[in-house]
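Enquirer: need a 3D model of the sequence below.
(one chain, ligands or ions: 1)
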Amino acid sequence: MALLKILEYPDPRLRTKATDISDFNVALGQQIDNMFETMYSAPGIGLAATQVDFHKRLFVIDVSEEKNEPLVFINPKIKELRGVEQMEEGCLSFPGVYALVERADSLTIEAQDRDGNRFEMEADGLLAVCIQHELDHLQGKLFVDYLSALKRQRIRKKLEKEQKAKSTSGM
Ligand code: ZN
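Expert: Alright, predicted model coming up:
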């Protein structure tokens, strides 16, 4: 397994729209394992393929306390969204940035697992929010898109400054 590099905002590759996966092969399995390793080590509770510069419809999630409930969603599709809630969100592509976002509070999703088997799942609370956040990534959409242009600009400046400092100080 290997750690993957996570793209950070405002990297334009984060705006790429992912395409469907049709080959459920060994390489895909390795990609999924690497994404879990990268997510757990970050640490994070969700990671979309887009964030590691792999533009296929795939994301991984684990919202459990013990980090022992890995979930893989391939070619995901929302079947139903219900209710509204606001939750503070962060994102591995936005280190140190948190913002309140309004989303549905429960949903039904359909997807395929790593072997290509279709499944349907009901989710609510943190898991539902996380699923919607990761699904957005596959469309090239980011959680700061829900904020005002002014707030988004402020976040962009902050992250650009930090990335510049990183690239000159450490290799
Ligand atoms: Zn994210």
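
Enquirer: so where's the longest strand in this protein?
Expert: Longest strand in the chain by number of residues (criterion: DSSP state E): strand 71-82.

Enquirer: what is the distance between the longest helix along the chain and the centre of its chain?
Expert: For the chain, the longest helix by residue count, based on DSSP state H, is helix 149-169. Centroid separation for helix 149-169 versus its chain: 20 Å, with Cα atoms, centre = their mean, to the nearest Å.

Enquirer: and that helix, which residues are buried?
Expert: 152, 155, 159 (16 or more other Cβ atoms under 10 Å). Placement of C-beta: from N, CA and C, glycine included.

Enquirer: after the longest strand of the chain, which helix or strand is next?
Expert: Of the helices and strands lying after strand 71-82 in sequence (DSSP states H and E), the nearest is strand 85-89.

Enquirer: how many other residues sit next to the closest residue to L14 other than its chain neighbours?
Expert: Nearest residue to L14, sequence neighbours excluded (Cβ to Cβ, 6 or more residues apart in numbering): L7, at 5.5 Å. Using other Cβ atoms under 10 Å, L7 is surrounded by 17 other residues.

Enquirer: residues contacting L7?
Expert: Neighbour list for L7: 13-14, 50-53, 93 [criterion: Cβ atoms under 8 Å, 6 or more residues apart in numbering].

Enquirer: same thing with G83?
Expert: G83 makes contacts with 104-106, as judged by Cβ under 8 Å, 6+ apart.

Enquirer: cool, A48 as well?
Expert: A48 makes contacts with 18, 58-59, 134-135, 137-138, as judged by Cβ under 8 Å, 6+ apart.

Enquirer: just the buried residues of the contacts of L7.
Expert: Neighbour counting by 16+ other Cβ under 10 Å classes 14, 50-52, 93 among the contacts of L7 as buried.

Enquirer: check which helices and strands the worst-scoring helix or strand of the chain on mean pLDDT sits against.
Expert: Scoring the helices and strands of the chain by mean pLDDT, DSSP states H and E places helix 149-169 at the bottom, with a mean of 92. Contact partners of helix 149-169 among helices and strands, from 3 or more Cβ pairs under 8 Å, 6 or more residues apart in numbering; DSSP states H and E: none.
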